[in-house]
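A.B. asks: The sequence isn't on hand, but the structure is:
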Ligand SMILES: O=P(O)(O)OC[C@H]1O[C@H](OP(=O)(O)OP(=O)(O)O)[C@H](O)[C@@H]1O
Ligand code: HPA
Ligand SMILES: [Mg+2]
(Lines give C-alpha, C1' and ligand atoms only; values in the text may rest on other atoms or scores of the structure.)
(Ligands and ions follow the chains in the order given, each with its own letter.)
Protein backbone atom coordinates (compact mmCIF):
# COMPACT_ATOMS: atom_id res chain seq x y z
CA UNK A 1 0.00 0.00 0.00
CA UNK A 2 1.24 3.51 -0.80
CA UNK A 3 1.83 5.76 2.19
CA UNK A 4 0.15 9.14 2.31
CA UNK A 5 2.57 12.04 2.90
CA UNK A 6 1.65 15.61 3.81
CA UNK A 7 4.18 18.42 3.40
CA UNK A 8 5.45 19.77 6.71
CA UNK A 9 8.48 21.95 5.90
CA UNK A 10 9.78 22.85 2.46
CA UNK A 11 13.44 22.71 1.43
CA UNK A 12 13.57 26.53 1.66
CA UNK A 13 12.24 26.52 5.21
CA UNK A 14 14.75 23.82 6.12
CA UNK A 15 17.62 25.73 4.48
CA UNK A 16 16.74 28.88 6.44
CA UNK A 17 16.94 26.97 9.74
CA UNK A 18 20.19 25.27 8.72
CA UNK A 19 21.74 28.70 8.03
CA UNK A 20 20.54 30.01 11.39
CA UNK A 21 21.93 27.00 13.26
CA UNK A 22 25.23 27.36 11.40
CA UNK A 23 25.55 31.00 12.38
CA UNK A 24 24.81 30.17 16.04
CA UNK A 25 27.55 27.52 16.02
CA UNK A 26 29.96 29.89 14.22
CA UNK A 27 29.29 32.52 16.87
CA UNK A 28 29.83 30.13 19.78
CA UNK A 29 32.95 28.37 18.45
CA UNK A 30 34.67 31.19 16.55
CA UNK A 31 38.31 30.18 15.93
CA UNK A 32 37.99 26.85 17.79
CA UNK A 33 38.09 23.47 16.09
CA UNK A 34 34.99 21.34 16.56
CA UNK A 35 34.53 17.62 16.16
CA UNK A 36 31.16 17.36 14.45
CA UNK A 37 29.47 13.99 15.01
CA UNK A 38 26.89 12.81 12.47
CA UNK A 39 24.35 10.33 13.82
CA UNK A 40 23.65 7.98 10.92
CA UNK A 41 21.58 7.38 9.07
CA UNK A 42 18.91 10.01 9.60
CA UNK A 43 21.24 13.01 9.92
CA UNK A 44 23.22 12.55 6.72
CA UNK A 45 21.56 15.32 4.68
CA UNK A 46 21.23 17.78 7.55
CA UNK A 47 24.86 17.16 8.48
CA UNK A 48 26.06 17.69 4.91
CA UNK A 49 24.17 20.99 4.66
CA UNK A 50 25.12 22.21 8.14
CA UNK A 51 28.84 21.54 7.76
CA UNK A 52 28.93 23.77 4.67
CA UNK A 53 27.63 26.75 6.67
CA UNK A 54 30.45 26.54 9.23
CA UNK A 55 33.40 28.90 9.22
CA UNK A 56 35.25 27.47 12.24
CA UNK A 57 37.67 24.57 11.63
CA UNK A 58 35.78 21.27 11.59
CA UNK A 59 36.67 17.59 11.82
CA UNK A 60 33.82 15.23 10.92
CA UNK A 61 33.09 11.80 12.29
CA UNK A 62 30.17 9.36 12.14
CA UNK A 63 28.28 7.02 14.47
CA UNK A 64 25.49 4.67 13.51
CA UNK A 65 22.73 4.25 16.06
CA UNK A 66 19.40 2.53 15.53
CA UNK A 67 16.32 1.84 17.61
CA UNK A 68 13.28 2.19 15.32
CA UNK A 69 13.76 -0.61 12.80
CA UNK A 70 10.60 -0.75 10.66
CA UNK A 71 8.32 0.79 13.31
CA UNK A 72 7.14 4.32 14.06
CA UNK A 73 7.66 3.70 17.78
CA UNK A 74 11.07 3.41 19.44
CA UNK A 75 12.02 -0.09 20.55
CA UNK A 76 13.71 1.62 23.49
CA UNK A 77 16.87 -0.36 22.75
CA UNK A 78 19.49 1.82 21.10
CA UNK A 79 22.02 -0.23 19.20
CA UNK A 80 25.41 1.26 18.30
CA UNK A 81 26.27 -0.32 14.96
CA UNK A 82 29.29 1.88 14.27
CA UNK A 83 31.40 3.84 16.74
CA UNK A 84 33.39 7.02 16.12
CA UNK A 85 36.76 6.80 14.45
CA UNK A 86 38.36 9.63 16.46
CA UNK A 87 38.87 10.18 20.17
CA UNK A 88 36.67 12.89 21.68
CA UNK A 89 38.91 13.38 24.72
CA UNK A 90 39.75 17.07 25.25
CA UNK A 91 37.90 18.14 22.12
CA UNK A 92 34.95 20.44 21.57
CA UNK A 93 32.28 18.06 20.29
CA UNK A 94 28.91 18.80 18.69
CA UNK A 95 26.48 15.92 18.09
CA UNK A 96 24.29 16.47 15.01
CA UNK A 97 20.90 14.73 15.05
CA UNK A 98 18.00 14.86 12.63
CA UNK A 99 15.33 14.47 15.34
CA UNK A 100 15.03 14.15 19.11
CA UNK A 101 11.84 12.23 19.83
CA UNK A 102 11.76 9.94 22.89
CA UNK A 103 15.33 11.09 23.54
CA UNK A 104 16.65 7.53 23.99
CA UNK A 105 19.10 7.74 21.07
CA UNK A 106 20.61 11.02 22.16
CA UNK A 107 20.74 10.10 25.82
CA UNK A 108 22.64 6.92 24.98
CA UNK A 109 25.13 8.70 22.74
CA UNK A 110 25.52 11.74 25.00
CA UNK A 111 26.50 9.65 28.02
CA UNK A 112 28.80 7.39 26.02
CA UNK A 113 30.68 10.41 24.69
CA UNK A 114 30.69 12.20 28.05
CA UNK A 115 32.44 9.16 29.57
CA UNK A 116 35.27 9.77 27.10
CA UNK A 117 35.89 13.22 28.60
CA UNK A 118 35.43 15.77 25.82
CA UNK A 119 36.37 19.39 26.62
CA UNK A 120 32.77 20.30 25.81
CA UNK A 121 29.78 18.41 24.42
CA UNK A 122 26.78 20.01 22.77
CA UNK A 123 23.81 18.81 20.76
CA UNK A 124 22.38 20.24 17.56
CA UNK A 125 19.10 18.86 16.21
CA UNK A 126 17.08 19.86 13.18
CA UNK A 127 13.79 18.68 14.70
CA UNK A 128 12.69 18.68 18.32
CA UNK A 129 9.59 16.62 19.07
CA UNK A 130 8.69 16.88 22.73
CA UNK A 131 5.34 15.11 23.02
CA UNK A 132 6.82 11.63 23.21
CA UNK A 133 9.96 12.55 25.21
CA UNK A 134 10.76 9.79 27.70
CA UNK A 135 14.06 11.03 29.11
CA UNK A 136 15.34 14.37 30.29
CA UNK A 137 17.54 15.55 27.46
CA UNK A 138 17.64 18.92 25.69
CA UNK A 139 19.45 20.02 22.56
CA UNK A 140 21.56 23.19 22.67
CA UNK A 141 20.81 24.13 19.05
CA UNK A 142 17.29 23.46 17.74
CA UNK A 143 16.04 23.97 14.19
CA UNK A 144 12.30 23.35 14.16
CA UNK A 145 9.85 22.34 16.87
CA UNK A 146 7.42 19.56 16.02
CA UNK A 147 4.02 18.58 17.30
CA UNK A 148 2.85 15.03 17.01
CA UNK A 149 3.31 12.90 13.92
CA UNK A 150 5.91 10.71 12.28
CA UNK A 151 8.14 12.71 9.95
CA UNK A 152 9.94 11.54 6.81
CA UNK A 153 12.15 13.08 4.15
CA UNK A 154 15.43 15.02 4.25
CA UNK A 155 17.21 11.96 5.66
CA UNK A 156 14.42 10.65 7.89
CA UNK A 157 12.84 7.32 7.02
CA UNK A 158 9.87 5.09 7.53
CA UNK A 159 10.93 1.48 6.92
CA UNK A 160 14.07 2.86 5.16
CA UNK A 161 11.94 4.76 2.62
CA UNK A 162 11.77 8.50 1.86
CA UNK A 163 15.26 9.53 3.06
CA UNK A 164 15.98 11.00 -0.39
CA UNK A 165 13.09 13.49 -0.39
CA UNK A 166 14.35 17.11 -0.26
CA UNK A 167 11.40 18.34 1.88
CA UNK A 168 9.95 17.13 5.19
CA UNK A 169 6.59 15.35 5.34
CA UNK A 170 4.27 13.88 7.95
CA UNK A 171 3.27 10.29 7.37
CA UNK A 172 -0.51 10.59 7.51
CA UNK A 173 -1.39 6.95 8.05
CA UNK A 174 1.27 6.25 10.70
CA UNK A 175 -0.08 3.94 13.40
CA UNK A 176 -0.95 6.01 16.49
CA UNK A 177 1.37 5.77 19.49
CA UNK A 178 -0.29 3.45 22.00
CA UNK A 179 -0.04 5.08 25.42
CA UNK A 180 -0.30 1.67 27.11
CA UNK A 181 2.52 0.14 25.15
CA UNK A 182 5.85 0.20 26.97
CA UNK A 183 8.63 1.57 24.78
O1 LIG B 1 14.70 10.30 20.21
P2 LIG B 1 14.51 8.93 19.65
O3 LIG B 1 13.12 8.40 19.96
O4 LIG B 1 15.57 7.97 20.08
O5 LIG B 1 14.51 9.04 18.06
C6 LIG B 1 15.47 9.73 17.34
C7 LIG B 1 16.34 8.81 16.52
O8 LIG B 1 15.53 7.86 15.79
C9 LIG B 1 15.88 7.87 14.44
O10 LIG B 1 16.89 6.91 14.19
P11 LIG B 1 16.57 5.40 13.78
O12 LIG B 1 16.70 4.50 14.96
O13 LIG B 1 15.29 5.35 13.02
O14 LIG B 1 17.78 5.09 12.81
P15 LIG B 1 18.09 5.82 11.41
O16 LIG B 1 18.73 7.15 11.76
O17 LIG B 1 19.02 4.91 10.72
O18 LIG B 1 16.79 6.01 10.69
C19 LIG B 1 16.38 9.27 14.20
O20 LIG B 1 17.18 9.33 13.06
C21 LIG B 1 17.10 9.61 15.48
O22 LIG B 1 18.45 9.21 15.47
O1 HPA C 1 9.25 11.20 13.34
C2 HPA C 1 10.23 10.46 13.06
N3 HPA C 1 10.56 10.15 11.79
C4 HPA C 1 11.61 9.35 11.46
N5 HPA C 1 12.39 8.80 12.35
C6 HPA C 1 12.13 9.06 13.65
N7 HPA C 1 12.77 8.66 14.74
C8 HPA C 1 12.15 9.19 15.78
N9 HPA C 1 11.10 9.94 15.39
C10 HPA C 1 11.07 9.88 14.04
MG1 LIG D 1 14.91 5.54 11.14
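C.D. replies: Arrived safely. As the structure is a prediction and not an experimental result, all values here were calculated from the model. Numbers count the residues shown, from 1 in each chain. Ligands and ions are numbered 1, 2, ... in the order given.
A.B. asks: Which positions in this structure make contact with ligand 3?
C.D. replies: 68, 157 (Cβ under 5 Å from the ion). C-beta here means a position set from N, CA and C on the backbone, and glycine is covered the same way.
A.B. asks: tell me the centre residue of the chain?
C.D. replies: residue 97 (1.8 Å; Cα atoms, centre = their mean).
A.B. asks: Let's verify that residue: helix, strand, or coil?
C.D. replies: Following DSSP: H, G, I helix; E, B strand; the rest coil, residue 97 is assigned to strand.
A.B. asks: and residue 14, that's in a strand?
C.D. replies: No: Residue 14: not assigned to a strand; according to three-state DSSP it is helix.
A.B. asks: Number of residues surrounding the residue nearest to it when sequence neighbours are not counted?
C.D. replies: Here the nearest residue to residue 14 in space, its sequence neighbours aside, is residue 154; by Cβ to Cβ, 6 or more residues apart in numbering that works out to 6.0 Å. Neighbours of residue 154 under the rule other Cβ atoms under 10 Å: 27.
A.B. asks: picking up where we left off before, over to the closest residue to the residue nearest to the centre of the chain other than its chain neighbours: give its phi and psi.
C.D. replies: Using Cβ to Cβ, 6+ apart and skipping residues adjacent in sequence, the residue nearest residue 97 is residue 125, 4.3 Å away. Per-residue torsions, residue 125: phi -130, psi 140 (degrees, to the nearest 10).
A.B. asks: Give the full set of residues in contact with residue 125.
C.D. replies: 96-100, 106, 139, 141-143 (Cβ atoms under 8 Å, 6 or more residues apart in numbering).
A.B. asks: can you do 6 Å?
C.D. replies: Listed by Cβ atoms under 6 Å, 6 or more residues apart in numbering, the contact set of residue 125 reads 97, 100, 139, 142.
A.B. asks: Including secondary structure, could the residues you listed go into TSV?
C.D. replies: TSV is the format used below for the contacts of residue 125 (three-state DSSP):
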residue	secondary structure
97	strand
100	strand
139	coil
142	strand
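A.B. asks: Give me the buried entries from those.
C.D. replies: 97, 100, 139, 142 (16 or more other Cβ atoms under 10 Å).
A.B. asks: What is the nearest of those to ligand 2?
C.D. replies: Set against ligand 2, the nearest of those by Cβ to the nearest ligand atom is residue 100 (8.2 Å).
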